[in-house]
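Enquirer: What follows is a predicted protein model with its sequence.
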Amino acid sequence: MPQKKERRTRRIEVITGLIVIVLAFSYITSLLLDFKFVSLEGSQQDDLAYLSEQMQSQMISSCSWLVTSLMTLITIPFYIAVFRRRMKLLSYINGLLMLGASAGFMLMATTGLDLYHDTVRILGQGFEQANEKFKLTLFDQFEQEQFYRHIGSSCVGLLAVGLSLSRIRIARFPLTSVVLLLLSGPPLIFFNWVDPDHLARTVAMAGIIIGMAILCVRLINKGLSE
């Protein structure tokens with residue numbers, strides 16, 4: 001009976017590792033397809049014209065983040081099933097952070113899709129004929145999209161710190177993964193709110209993804225249970 005339970009635990013670890021690898025690729029894809037629109041010196045008319053020219057990219061980016069959000073949501077029960085025996089409270093805290101990341105990216109994606117549909121509508125009217133209030137609504141939607149992006153990314157940063165603390169209870173937790181997660185989490189949160197376009201934010205996200213990938217390899221190859 002104990003051997004059967006051990007085999008079941010190992011299967012769950014392998015499945016979890018594979019799911020998290022797919023999740024990591026989903027994050028990479030979303031980052032590569034990410035659409036950021038920042039108004040600098042152009043007029044409102046120029047900004048709207050640029051947004052209309054990039055409608056397809058903006059829509060693809062929103063769909064990509066929606067998939068990433070759903071993948072994050074799917075990962076939560078598998079993660080808790082693997083870690084709850086050893087970490088108990090911390091596993092549920094990390095699960096809540098994953099839920100926060102999923103919710104942030106989902107709201108970001110749905111707001112982005114609303115922005116896409118409203119842009120299509122304003123294009124049908126023509127920018128010159130469109131109501132100014134309606135034009136401002138587009139910018140409000142984009143600001144909301146960016147806010148939800150910050151929420152989701154901050155939860156990812158906090159999750160990285162939470163995962164790194166797993167080393168305290170699980171000796172087999174990869175040390176390289178711990179270092180990458182611990183060093184990448186706080187900078188991601190900081191630059192996420194201070195300067196989202198800073199190179200350090202991109203490096204921090206890359207560090208978290210690599211740290212998660214190393215953890216997945218350990219889950220698949222050896223598992224974390226004694």
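Expert: Happy to help now that I have it. Numbers count the residues shown, from 1 in each chain.

Enquirer: I'd like the distance from residue 189 to residue 208, if you could.
Expert: Between residue 189 and residue 208 the computed distance is 11 Å (CB to CB, to the nearest Å). Glycine gets a C-beta too; all of them are placed from N, C-alpha and C.

Enquirer: Compare these two (neighbour count), which wins?
Expert: residue 208 (27 against 21; other CB atoms under 10 Å).

Enquirer: what's the weakest-modelled helix or strand in the protein?
Expert: helix 44-53 (a mean of 65; mean pLDDT, DSSP states H and E).

Enquirer: right, and the helix or strand after it?
Expert: Toward the C-terminus, helix 44-53 is succeeded by helix 55-87 as the next helix or strand (DSSP states H and E).

Enquirer: That next one packs against which elements?
Expert: Counting contacts by 3 or more CB pairs under 8 Å, 6 or more residues apart in numbering; DSSP states H and E, helix 55-87 packs against helix 2-32, helix 89-125.

Enquirer: the inter-axis angle of that helix versus helix 89-125?
Expert: 170 degrees (axes from the mean of the first three to the mean of the last three CA atoms, to 10 degrees).

Enquirer: For residue 76, see how far away residue 215 is.
Expert: For residue 215, the distance to residue 76 - CB to CB - is 15 Å.

Enquirer: more neighbours, these two?
Expert: Comparing residue 215 with residue 76 by other CB under 10 Å, the one with more neighbours is residue 215, at 25 against 18.

Enquirer: In PDB, list the C-alpha atoms belonging to the helix or strand harbouring the more buried one.
Expert: Element membership of residue 215 [criterion: DSSP H and E] is helix 199-221. Below are the C-alpha coordinates for helix 199-221, written out as PDB (Å, rounded to 0.1, in the frame of the first residue of the first chain):
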ATOM      1  CA  LEU A 199      15.700  45.900 -18.700                       C
ATOM      2  CA  ALA A 200      16.000  44.600 -15.100                       C
ATOM      3  CA  ARG A 201      12.300  43.700 -15.100                       C
ATOM      4  CA  THR A 202      12.800  41.600 -18.200                       C
ATOM      5  CA  VAL A 203      15.900  39.900 -16.700                       C
ATOM      6  CA  ALA A 204      14.000  39.300 -13.500                       C
ATOM      7  CA  MET A 205      11.100  37.600 -15.300                       C
ATOM      8  CA  ALA A 206      13.600  35.500 -17.300                       C
ATOM      9  CA  GLY A 207      15.200  34.500 -14.000                       C
ATOM     10  CA  ILE A 208      11.900  33.400 -12.600                       C
ATOM     11  CA  ILE A 209      11.000  31.300 -15.700                       C
ATOM     12  CA  ILE A 210      14.400  29.600 -15.600                       C
ATOM     13  CA  GLY A 211      14.100  28.900 -11.900                       C
ATOM     14  CA  MET A 212      10.700  27.300 -12.500                       C
ATOM     15  CA  ALA A 213      12.100  25.300 -15.400                       C
ATOM     16  CA  ILE A 214      14.800  23.900 -13.200                       C
ATOM     17  CA  LEU A 215      12.300  23.000 -10.500                       C
ATOM     18  CA  CYS A 216      10.200  21.200 -13.200                       C
ATOM     19  CA  VAL A 217      13.100  19.100 -14.300                       C
ATOM     20  CA  ARG A 218      13.700  18.000 -10.700                       C
ATOM     21  CA  LEU A 219      10.000  17.200 -10.300                       C
ATOM     22  CA  ILE A 220      10.000  15.100 -13.400                       C
ATOM     23  CA  ASN A 221      13.300  13.300 -12.900                       C
END
